[in-house]
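Novice: Need a 3D model of the sequence below.
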Amino acid sequence: MLVPPERSRSRTSKGFLSLRSKQIMGNRDAKSLSEKEEHSMQSFASVPVVRAVALCLAHVPDLVRYGSKPSRDLIKVAGLLPRLAEHRRSYEHAVGYPPHQVFIGNLAPQQLWELPQPWWQNLLPDGSRHGRDGELITEAEFYGLMKLCDDFKLLSLTPEFATLIQDQMAQHPLLAKDAACVAAAPDWKTMETSIGEGLAIPLYHGEELVGGLHRGEVDDDSLTAPILLENLAAKASAVLALRHALNGGGIAPQEVEYILGCGEEAIGDRYQRGGGNLAKAVGEKAGCSNATGSDVKAFCCAPNHAITIAAALVKAGLFRTVAVVGGGSLAKLGMKYQGHLRHNMPVLEDMLASIAVIISRDDGASPIIDLNCIGRHTIDAGSSQLEIAEAIVYRPLQKCGLRITDIDRFATELHNPELTLPQGSGNVPQTNYRMLAALAAHHKEITTNEFDEFVRLRGMPGFSPTQGHIASAVPFLGHARQQLTAGTLNRIFFYAKGSLFLGRMTSLADGLSFLLRRNNQGQSTQ
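Specialist: Alright, predicted model coming up:
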């Protein structure tokens, strides 16, 4: 552990403070100031650890129509809505789908290599909605979560559906206390009129109209109903993940002092379209009354940035416990639906994924975020895939005296290939791991004949929904925490890339990485 040099420590000792403070305010006040300084020094150089992780899924097939790609195509393509309905999959199918069981922690990623493919045709008969790291909730429960997060009463539900949701939430250990908030609209006819006038969008459950979401203001294009639905979905899914992380880690909500949001939504109004701070809104609904927070924006790379910032805040002693939260991206629902329809598959992009990570001071057991081994894609690093990998993988490892082959497992973009291949988007994880193998070969750590062995040993199949920021490296955090804590692995490297050029403000790419390592009972060398 790095500690302040002896000279600096002596200058903050009681003797020095007492002498200096006597000159300013007298003996009694000097003693008081010295005690405060001593307490402050105790929190300096705290080793940051991953204390808890939650990964959750919400099955929302009837929100697919509001994904960016389907919503645009529904205007142009006749008969598309009935076709989407024909390819709607059941909740039972979603639970039995092997990649989902990996996401919530019931299967190890490597087990996917041994299961028969295609996975969507070979469901697990014993799949569970509950996992080690989270759960997979129903669409009705998710509507209830959105209603819980609807502080401005823009979401209305029919009386029958409100009763159904209340019954389901009342049986859920993390939602039961909020079941009463899901009330029917006092005047459902008013919402029906607003839907007819285009001031609200309808919400369906199967073929049934069960609710509607009103726009914020008539003359504010940043508060239209579709945009508010995106924001509300991100908030609700993040709340679920944060509640799971706190509950699973045995952490009181009041322990959290700062929250960093890493989602892709742009919260704001006409004057500041991406003003942000969904983090604080999520914390409120998770009971984190002692926390403040802010949002970190970096496209798909945001979770890695947020985790690194959170670790630095803990390391500096500013906060003892920091939460990183990321809600699901409604815009990405049905993004590759055309390939699924073309191959007569169910529309598999019907899941909202969310994550929460609790980072705190060293507890002697949880995996350590090694801030000595952070990889950065700098402005002058170059944007080819090899140049990015060199910057965010090889250089930080080299700086710490490690080889690529010293890392037990690498986590990178973990998009489920069954979602991307039918649309011709390739197998993203496989491409990245082969690029990593090429980097190792370039530095003479392996031969080109060892590429496949390298991918199997240090990589993994993709298993994450195509939710952008959620799919980039962090879906493996639950597995990493379990394996490092158990001692079956020693070092796991997380690296993510971002597409800054999508904002049309720069042609730059982005990337950030960090090393997660086993905690040897608090004997850290950091």
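
Novice: doesn't residue 168 make contact with residue 140?
Specialist: Yes - here residue 140 reaches residue 168: they are 5.5 Å apart, a contact under Cβ atoms under 8 Å. To be clear about C-beta, it is placed using only N, CA and C from the backbone, and glycine gets the same treatment.

Novice: Give the intersection of the neighbour lists for those two.
Specialist: Counting by Cβ atoms under 8 Å, 6 or more residues apart in numbering, residue 140 and residue 168 have no shared contacts at all.

Novice: could you point out the longest helix in this structure?
Specialist: Counting by DSSP state H, the longest helix found in the chain is helix 225-248.

Novice: Check the offset of that helix from the chain's centre.
Specialist: In terms of Cα atoms, centre = their mean, to the nearest Å, the centre of helix 225-248 is set 10 Å apart from its chain centre.

Novice: now the strands for this protein?
Specialist: Remark: strands assigned in the chain by DSSP state E are 48-59, 136-137, 155-157, 200-205, 208-214, 258-261, 292-295, 321-326, 351-361, 368-376, 409-411, 491-498, 510-517.

Novice: Please name the residues that touch residue 110.
Specialist: Here residue 110 is in contact with 460-461 (Cβ under 8 Å, 6+ apart).

Novice: Show the pLDDT at it.
Specialist: Residue 110 carries a pLDDT value of 97.

Novice: Flag the shaky bits of the stretch 101-250 of the chain, pLDDT-wise.
Specialist: Counting by pLDDT under 70, the stretch 101-250 of the chain contains no low-confidence segment.

Novice: Show me the helices in it, by range?
Specialist: Assigned by DSSP state H, counting those that start in this stretch, the helices in the stretch 101-250 of the chain fall at 139-148, 159-170, 188-196, 225-248.

Novice: Residue 319 is nearest to which of those helices?
Specialist: Nearest to residue 319 among the helices of the stretch 101-250 of the chain is helix 225-248 (15.6 Å), distances taken as Cβ to Cβ.

Novice: how much does the closest one deviate in direction from helix 139-148?
Specialist: 100 degrees (axes from the mean of the first three to the mean of the last three Cα atoms, to 10 degrees).

Novice: which other helices and strands contact helix 225-248?
Specialist: Helices and strands touching helix 225-248, by 3 or more Cβ pairs under 8 Å, 6 or more residues apart in numbering; DSSP states H and E, are strand 48-59, helix 139-148, strand 200-205, strand 208-214, helix 278-285, strand 321-326, strand 351-361.

Novice: buried sites along it?
Specialist: Residues of helix 225-248 classed as buried under the neighbour-count rule (16 or more other Cβ atoms under 10 Å) are 225, 227-246, 248.

Novice: Spit out the contact partners of the nearest residue to residue 445 once chain neighbours are set aside.
Specialist: Among residues not flanking residue 445 along the chain, residue 405 sits closest, at 5.0 Å (Cβ to Cβ, 6 or more residues apart in numbering). Residues near residue 405 by Cβ under 8 Å, 6+ apart: 440, 445-446, 458.

Novice: tell me the two of those residues that are most distant?
Specialist: Taking Cβ to Cβ, no two of those sit farther apart than 445 and 458, at 11.1 Å.

Novice: of those two, who's got more company?
Specialist: Taking other Cβ atoms under 10 Å, residue 445 and residue 458 do not tie; residue 458 has more neighbours (19 against 16).

Novice: one step back: and of the helices of the stretch 101-250 of the chain, who's closest to residue 387?
Specialist: Evaluated with Cβ to Cβ, those place helix 225-248 nearest to residue 387, the distance being 32.3 Å.

Novice: I'd like to check the angle between that closest one and helix 278-285, please.
Specialist: Interaxial angle, helix 225-248 versus helix 278-285 (the same axes, to 10 degrees): 60 degrees.
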